[in-house]
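[1] output the structure for:
(2 chains)
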Amino acid sequence: AQSVTQPDIHITVSEGASLELRCNYSYGATPYLFWYVQSPGQGLQLLLKYFSGDTLVQGIKGFEAEFKRSQSSFNLRKPSVHWSDAAEYFCAVADDKIIFGKGTRLHILP
Amino acid sequence: NAGVMQNPRHLVRRRGQEARLRCSPMKGHSHVYWYRQLPEEGLKFMVYLQKENIIDESGMPKERFSAEFPKEGPSILRIQQVVRGDSAAYFCASSPGGGQPQHFGDGTRLSIL
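    Numbers count the residues shown, from 1 in each chain, chains lettered A, B, ... in the order given. The predicted structure follows:
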């Protein structure tokens, strides 16, 4: 069965520092992978997606993610975070329905 | 606003009442998905619908919960005889087809007194 693991529940980084959020998935075939961001009281916004092709995917707001089949990972990165990036981030795998990880809450220190 | 529209944003019900949550998909999207988010949890899939058809309801509780997506009008998630444990945020998403990126609404926050 498909599953997604986000091992970090909370992460705190300083503004301007680099960021990596971890995501591991379990899926029988080539997965469709997504990262979503959720600000407090809001719905989810799609940051980026991987369907096939180039394993380094660029998204909105300066985020990128790298698909590594050998590690079953799809980690999200950003070279320099801004205070407005504080939110909850969800990794997801999909066929027809989406299976979400439990999320990583990102805190930004001034 | 051409996004996924959910209403109401907040809904308060007493135990035993019925809750009706509405979702209008993005223009051109015929696939609708409902998810539930409990505090400190990720989103859990509930049901996947196309117009007039339930495609996958493997995440729906067996009792009290139902969903529809009629030919005309929004998709409705109905919870009958609500209990405290139904308190959660319910999100709707839509896509143009299965496996396509889903666009999410801002959710309905259901509180049960």
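[2] up against chain A, what does chain B have?
    Those residues of chain B that sit near chain A, judged by C-beta under 8 Å from any C-beta of the partner chain, are B:4, B:6, B:33, B:35, B:41-45, B:48, B:55-56, B:59, B:91, B:93, B:98-99, B:101-107. C-beta here means a position set from N, CA and C on the backbone, and glycine is covered the same way.
[3] can you tell me which of the residues you listed are buried?
    Buried members of the residues of chain B next to chain A, counted by 16 or more other C-beta atoms under 10 Å in any protein chain shown: B:4, B:6, B:33, B:35, B:42-43, B:45, B:48, B:56, B:59, B:91, B:93, B:101-107.
[4] now intersect those residues with the helices, please.
    With helices taken from DSSP state H, there is no overlap with those.
[5] list the ones among these that fall in strands.
    Judged by DSSP state E, strands contain the following of those: B:Gln6, B:Tyr33, B:Tyr35, B:Leu43, B:Phe45, B:Tyr48, B:Asp56, B:Phe91, B:Ala93, B:His103, B:Phe104.
[6] which pair in those residues has the greatest spatial separation?
    Farthest pair in those (C-beta to C-beta) is B:Gln6 and B:Asp56. Separation: 20.0 Å.
[7] where does pLDDT dip in the chain?
    With no chain named, the answer covers chain A. Regions of chain A meeting the criterion pLDDT under 70 cover residues A:96.
[8] switch to chain B, that's the one I care about
    For chain B, residues meeting the criterion pLDDT under 70 lie at B:1.
[9] centroid residue for it?
    Taking C-alpha atoms, centre = their mean as the criterion, B:Trp34 is the residue nearest the geometric centre of chain B, at 3.8 Å.
[10] doesn't B:Leu77 make contact with that residue?
    Yes - judged on C-beta atoms under 8 Å, B:Trp34 makes contact with B:Leu77 at a distance of 5.2 Å.
[11] between these two, what contacts are shared?
    Residues touching both B:Trp34 and B:Leu77 (C-beta atoms under 8 Å, 6 or more residues apart in numbering or on different chains) are B:Cys23, B:Met46, B:Val47, B:Ala67, B:Tyr90, B:Cys92.
[12] nearest to B:Gly16, of these?
    Proximity of the shared contacts of B:Trp34 and B:Leu77 to B:Gly16 (C-beta to C-beta) peaks at B:Tyr90, which lies at 18.7 Å.
[13] isn't that closest one right next to B:Leu77, touching?
    Yes - between B:Tyr90 and B:Leu77 a contact is recorded at 6.2 Å, counting by C-beta under 8 Å.
[14] give the intersection of the neighbour lists for those two.
    With C-beta under 8 Å, 6+ apart as the test, B:Tyr90 and B:Leu77 both reach B:Leu21, B:Trp34.
[15] with neighbour numbers in mind, choose between these two.
    Each of B:Tyr90 and B:Leu77 has its neighbours counted (other C-beta atoms under 10 Å in any protein chain shown); B:Leu77 has more, 27 against 23.
[16] so that one bridges to which residues?
    When bridges are called by DSSP bridges, B:Leu77 pairs up with B:Leu21, B:Ala67.
[17] ok, it - contacts?
    Going by C-beta under 8 Å, 6+ apart, B:Leu77 touches B:Arg20, B:Leu21, B:Cys23, B:Trp34, B:Met46, B:Val47, B:Phe65, B:Ser66, B:Ala67, B:Tyr90, B:Cys92.
[18] ditto for A:Asn75
    If you count contacts by C-beta under 8 Å, 6+ apart, A:Asn75 has them with A:Glu20, A:Leu21, A:Arg22, A:Cys23, A:Ala65, A:Glu66, A:Lys68.
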